[in-house]
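Student: would you be able to build a 3D model of this:
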Amino acid sequence: MRHRESAAFADHFSAHAAMYAKHRPRYPVALFHWLAVVAPGTALAWDAGTGNGQVATGLVTRFSRVHATDASTEQIAEAIAHPRIEYRVATYDTALADGSVQLITVGQALHWFDLPKFLKEAKRVRQPGAVLAAFAYQHSAVTPDIDAVVRHHHDVTLGAHWPTGRETLLDGYRTLALPIDELAPPPLEMHEDWSLAGFTGYLRSWSATQRYIAQRGDEAIRRFEQTLAEAWGTPARRTIRWPIAIRAGELR
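Tutor: Numbers count the residues shown, from 1 in each chain. Model (predicted):
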């Protein structure tokens with residue numbers, strides 16, 4: 001979730017919300033189709049930890065209304081406006097009516113949540129049969145050489161600068177105890193055809209990159225970007241892929 005520092009949240013993205021909005025990959029249409037199929041209805045979805053609205057704008061293609069919350073004013077300010085999306089700066093207080101929601105989504109954010117507080121609100125607003133879906137993308141795949149350079153940068157250069165809690169994302173949220181009747185999601189991935197500048201912008205939007213720069217400057221980041229450019233080679237654009245890990249099911 002993209003949020004302010006508080007007792008419940010640690011803010012890792014507000015300071016570079018505009019960069020985050022510009023350089024993040026988009027979720028596939030197939031994800032929102034599947035969520036609409038497994039939900040008991042398509043009248044209202046709640047997207048928790050919406051950030052700049054990437055998930056919300058996908059949901060609104062299949063749901064009549066989307067209520068999208070985030071604790072970061074800066075992230076909500078960058079959100080993509082839509083007449084059927086209501087954005088709200090909030091932690092877990094949705095202000096929605098009891099039993100009003102058919103689908104609750106959390107994209108690339110559950111690892112930052114206070115899970116008991118989030119689940120308490122989710123259970124209050126769910127309709128019978130409502131589905132909770134948490135999903136995340138992890139390491140990108142481009143070419144073996146590029147992937148090796150990026151992975152070394154991720155694990156070694158930035159290793160100590162990743163915030164605590166992210167390990168649950170890297171295991172696909174499998175270690176989180178979610179009170180759901182588990183569904184078997186389809187295999188899905190995100191993909192973008194990006195220039196080197198686009199891919200570099202994405203890597204700079206990482207919370208660990210921004211934390212590293214704030215603490216140590218960007219000399220090592222620029223050295224990495226030069227090594228990445230050498231591995232990238234001459235193509236103007238390359239396809240970058242991210243497998244999506246999904247946990248979804250009826251919320252008990």
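Student: all strands for the chain, in order.
Tutor: Here the chain has its strands, by DSSP state E, at 44-48, 65-70, 85-89, 101-107, 126-137, 180-182, 189-195, 237-251.
Student: among these, which is nearest Pro25?
Tutor: Smallest distance to Pro25 across these (CB to CB): 4.6 Å, for strand 189-195. From N, CA and C alone the C-beta is placed, and that goes for glycine too.
Student: sheet partners, orientation included, of that closest one?
Tutor: Strand 189-195 sits in its sheet next to strand 237-251 (antiparallel), going by DSSP bridges.
Student: any buried residues in the partner strand, and which?
Tutor: 238, 240, 242, 244-251 (16 or more other CB atoms under 10 Å).
Student: give the rounded mean pLDDT of that strand.
Tutor: Strand 237-251 shows a mean pLDDT of 98.
Student: that one versus strand 126-137: what angle between them?
Tutor: Going by axes from the mean of the first three to the mean of the last three CA atoms, to 10 degrees, strand 237-251 is angled at 150 degrees with respect to strand 126-137.
Student: ok now strand 237-251, how far from the chain's centre?
Tutor: Here strand 237-251 shows a centroid-to-chain-centroid distance of 10 Å under the convention CA atoms, centre = their mean, to the nearest Å.
Student: so how far is the first residue of stretch 76-88 from its last?
Tutor: Chord length of stretch 76-88, first to last residue, is 8 Å (CA to CA, to the nearest Å).
Student: that one: how far from the chain's middle?
Tutor: On CA atoms, centre = their mean, the centre of stretch 76-88 falls 16 Å from that of its chain.
Student: got the contact list for that stretch?
Tutor: 17-18, 20-21, 50-53, 56-57, 60, 64-70, 89, 94-95 (CB atoms under 8 Å, 6 or more residues apart in numbering).
Student: check which residues of that stretch are buried.
Tutor: Applying 16+ other CB under 10 Å to stretch 76-88 flags 76, 78-79, 82, 85-88 as buried.
Student: ok, stretch 45-64 next?
Tutor: Under the neighbour-count criterion of 16+ other CB under 10 Å, stretch 45-64 has 45-60, 62-63 buried.
Student: same question, stretch 189-201
Tutor: For stretch 189-201, by 16+ other CB under 10 Å, it's 190, 192, 194, 196, 198-200.
Student: and for stretch 141-152?
Tutor: Buried residues in stretch 141-152 (16+ other CB under 10 Å): 141-142, 146, 149-150.
Student: contact partners for the most centrally placed residue in the chain?
Tutor: The chain has Gln108 as the residue nearest its centroid, 2.4 Å off, counting by CA atoms, centre = their mean. Listed by CB under 8 Å, 6+ apart, the contact set of Gln108 reads 49, 51, 135-137, 169.
Student: just checking, Ile244 touches His191?
Tutor: No: using CB atoms under 8 Å, Ile244 is not in contact with His191, being 10.5 Å away.
Student: sketch out the low-pLDDT regions of the chain for me.
Tutor: Along the chain, the parts satisfying pLDDT under 70 run over 1-21.
Student: helices along that one, start to end?
Tutor: For the chain, the helices defined by DSSP state H occupy 17-23, 29-38, 54-59, 73-77, 115-125, 144-152, 167-170, 196-204, 207-216, 219-232.
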